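> What follows is a protein structure lacking sequence information:
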């Protein structure tokens with residue numbers, strides 16, 4: 001309640017008006033904690049009553065009260081399949097280069113948008129997104145690809161899980177290189193072995209102790225794990241562009 005009081009004070013001093021019809025609040029936590037927590041139907045801020053919802057959408061990302069991305073993935077799938085259906089109708093009149101350009105736009109706005117939040121999401125969510133990506137690749141190639149390989153390999157696309165790891169590793173590289181943003185760089189601590197070892201030259205990160213699956217979704221944990229698993233030569237890339245290129249090549253070869 002102290003947070004609500006602080007919010008109340010901020011609105012009082014800065015003067016913005018609240019529109020309850022455009023606002024929703026959410027109580028987040030583990031399923032066990034929420035079951036033991038008395039759930040109000042509304043919260044009161046100033047003279048406005050803000051309803052409690054099961055999920056909220058902010059910056060294009062939908063989160064539920066358990067902070068899962070199940071609803072977000074379902075929304076992405078629904079939107080992507082609608083676009084794929086439209087692309088399939090016009091694909092015969094497009095050249096391969098044009099089809100790749102259209103799908104690149106679709107991937108960036110659908111599959112790649114905020115993909116770092118999908119770290120360690122459920123296998124069901126990964127499978128849904130992978131089906132979309134594979135379907136999109138088949139539309140681009142018009143099912144004309146080597147049966148011995150996958151359509152993703154033909155287009156040099158990374159699988160969904162590797163794309164997520166690619167994004168996390170890129171954020172870690174940027175944070176280590178320039179120290180920005182501080183909210184991310186401050187949780188990345190270089191590993192300092194007690195005795196002189198070969199690992200001291202590998203620029204490894206100290207992985208925090210975390211036993212819960214919920215905690216292992218945090219950037220401080222998953223970024224360190226993904227960074228330590230990358231090839232040594234990739235981490236020594238002199239620039240961000242070379243890091244991305246080397247990292248993608250290493251993931252494609254796996």
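Here it is on my side, so go on. This structure is a prediction, so every number in the text was calculated from the model and none was measured. Residues are numbered from 1 along each chain as shown.
> measure residue 187 to residue 35 for me?
30 Å (C-beta to C-beta, to the nearest Å). To be clear about C-beta, it is placed using only N, CA and C from the backbone, and glycine gets the same treatment.
> which one of those two has more residues nearby?
residue 187 (16 against 9; other C-beta atoms under 10 Å).
> which ones are touching residue 67?
By C-beta atoms under 8 Å, 6 or more residues apart in numbering, the residues touching residue 67 are 28, 214.
> for residue 219, same thing?
With C-beta under 8 Å, 6+ apart, residue 219 has these contacts: 116, 168, 171, 184, 187.
> ok, now which ones touch the third one?
Shown in contact with residue 171 (C-beta under 8 Å, 6+ apart): 116, 184, 219, 223.
> May I ask which two of those residues are separated the most?
116 and 184 (10.3 Å; C-beta to C-beta).
> quick one: which of the contacts of residue 219 is nearest residue 91?
residue 116 (30.6 Å).
> Quick one: neighbours of the closest one, just the number.
Neighbour number of residue 116 under other C-beta under 10 Å is 16.
> ditto for residue 156
Neighbours of residue 156 (other C-beta under 10 Å): 9.
> packing partners for the lowest-mean-pLDDT helix or strand in the chain?
In the chain, the helix or strand scored least confidently by mean pLDDT, DSSP states H and E is helix 2-14, which has a mean of 74. In this structure, helix 2-14 packs against strand 42-45, with contacts taken as 3 or more C-beta pairs under 8 Å, 6 or more residues apart in numbering; DSSP states H and E.
> Show me what counts as buried in the helix ranked longest in the chain.
Longest helix of the chain, by residue count under DSSP state H: helix 70-90. Buried residues in helix 70-90, counted by 16 or more other C-beta atoms under 10 Å: 70, 72, 73, 75, 76, 77, 80, 83, 84, 87.
> follow-up on the earlier one: among the contacts of residue 219, which one lies nearest to residue 31?
So of the contacts of residue 219, ranked by how close each gets to residue 31 (C-beta to C-beta), first place is residue 116, at 23.7 Å.
> what residues are up against residue 237?
Contact analysis of residue 237 by C-beta under 8 Å, 6+ apart lists 173, 243, 246, 247.
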